[in-house]
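Asks: Next comes the sequence, and after it the predicted model I'd like to discuss.
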Amino acid sequence: MKFLQISDVHLVPGGGDLHGLNPYERLTACIADVNAHHADADCVVFTGDLAHTGHPGAYERLIALLDILKLPYHLMIGNHDNRENFKAAFPSRPQDPNGFIQFGFDTPAGRFICLDSNEPGVPYGSFCEKRAAWLAQELDHAGSGPVYLFVHHHPFPVGLKRMDVNRLRDGERLGDVLKGRTNIRHLFMGHLHRPISGTWMGIPYSVLPATNHQVALDFVIEGVVPDSHEPPAYAVIFLEADRSVVHLHNFLDRANTFRL
């Protein structure tokens, strides 16, 4: 199976700039690149921070761009999103019985489960008992088949001090739900605006750059997010029975391709 991950698009109402860049133009270029080179993928998963302040106007702009996307897509929310404004803009998008934007769906590679870590009004993430109970039921439903998890906030420190303060505050609760589940194949995350990979509790994970601004690689700065204008990217992911392969594509890179 081939699918794509796009994260942290941070659209603003009116199509204006954000941190010296234009997130609408960046996402437009991203979708054009996807349509041109990866229309054969099964779907796209957007892992949160669709809007920078959760403004309804930003979601209106997102709807217009998604109409251009040639692939089926699945939308998650992050800390910059507003859950109620998202629901108003995308009333047909799935949610769990408690109104959280979390859902599961079957794919040729296995079960995809997308989690809602949004805690209104704060930058850090939460994973309450209701959300944890829903995930446990989803995992029970999946049985022993392959499961791929998606969450916006990282549930463990990664060494970026300002971002780790705003990680998933209930990471241990998420870990308790996953403990002993040997069929969790991969954890895909956003929020960090950086290319990061590793393992957590024996589960492989990956994070990708945002489509607009990035977070600088700095392990010292505290109290303020060290933004940067490093290249944006999306992920092209291949899932096989015995492996997962994640490619990061800097879609604005215009370096010439050549053959020796």
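Replies: Cool, got the structure. In this text the structure is predicted, and so the values were computed from the model without any measurement. Numbering: from 1, shown residues only.

Asks: L149: neighbour count?
Replies: Residues lying near L149 (other C-beta atoms under 10 Å) number 24. Where you see a C-beta, it was placed from the backbone N, CA and C, and this is true even at glycine.

Asks: part of a strand, is it?
Replies: Yes. Counting by DSSP: H, G, I helix; E, B strand; the rest coil, L149 is found in a strand.

Asks: Would you mind naming the residues that bridge with it?
Replies: I113, L187 (DSSP bridges).

Asks: Quick check, pLDDT for A255.
Replies: Confidence at A255, expressed as pLDDT, is 74.

Asks: so how far is P231 from it?
Replies: Distance of A255 to P231, computed by C-beta to C-beta, to the nearest Å: 11 Å.

Asks: got it, and A241?
Replies: To P231, A241 is 33 Å away according to C-beta to C-beta.

Asks: So if I had to pick from these two, which one is more boxed in?
Replies: P231 (13 against 8).

Asks: Number of residues surrounding the closest residue in space to that one that isn't next to it in sequence?
Replies: Closest residue to P231 apart from its sequence neighbours, by C-beta to C-beta, 6 or more residues apart in numbering: N250 at 4.2 Å. Residues lying near N250 (other C-beta under 10 Å) number 15.

Asks: residues contacting N250?
Replies: Residues in contact with N250 (C-beta atoms under 8 Å, 6 or more residues apart in numbering) are P209, P231, P232, A233.

Asks: mind running it again at 7 Å?
Replies: P231, P232, A233 (C-beta atoms under 7 Å, 6 or more residues apart in numbering).

Asks: where exactly do the strands run in the stretch 51-200 of the chain?
Replies: Ranges of strands within the stretch 51-200 of the chain are 73-76, 103-107, 110-114, 147-151, 184-189, 196-200, based on DSSP state E, counting those that start in this stretch.

Asks: Need the winner for burial among the ones you listed.
Replies: strand 147-151 (a mean of 24; mean count of other C-beta atoms under 10 Å).

Asks: Name the residues that touch that strand?
Replies: Counting by C-beta under 7 Å, 6+ apart, 45, 47, 76, 110-115, 117, 139, 183-189 sit against strand 147-151.

Asks: follow-up on the earlier one: for R194, see how far away the residue nearest to P231 is.
Replies: For N250 relative to R194 (C-beta to C-beta), the value is 13 Å.

Asks: Enumerate the beta-bridge partners assigned to the most centrally placed residue in the chain.
Replies: With distances taken as C-alpha atoms, centre = their mean, the residue of the chain nearest its centroid is T47 (1.9 Å). Taking DSSP bridges as the rule, T47 bridges to M76.

Asks: I'd assumed Q5 was in contact with it.
Replies: Yes. At 6.1 Å, T47 counts as touching Q5 under the criterion of C-beta atoms under 7 Å.

Asks: quick one: common contacting residues for those two?
Replies: F188.

Asks: Roughly how far does the residue lying closest to L4 once chain neighbours are set aside sit from T211?
Replies: Closest residue to L4 apart from its sequence neighbours, by C-beta to C-beta, 6+ apart: V44 at 4.5 Å. Separation of V44 from T211 (C-beta to C-beta) stands at 12 Å.

Asks: Just want to know which of these two has more residues nearby.
Replies: Neighbour tally, V44 and T211, criterion other C-beta under 10 Å: the higher count belongs to T211, 29 against 23.

Asks: contacting residues around that one?
Replies: I6, D8, V9, P23, R26, L27, C30, P232, Y234.

Asks: and if you look at A109?
Replies: Neighbouring residues of A109 by C-beta under 7 Å, 6+ apart: M1, P146, L239.

Asks: quick one: pLDDT of it?
Replies: At A109, pLDDT is 97.

Asks: swap in the one 4 residues further on?
Replies: Confidence at I113, expressed as pLDDT, is 98.

Asks: That one against F105, yeah?
Replies: No. With contact defined as C-beta under 7 Å, I113 does not count as touching F105 (8.4 Å).

Asks: From H10, how far off is D106?
Replies: According to C-beta to C-beta, D106 stands 30 Å off from H10.

Asks: now E230
Replies: Going from E230 to H10 by C-beta to C-beta gives 15 Å.
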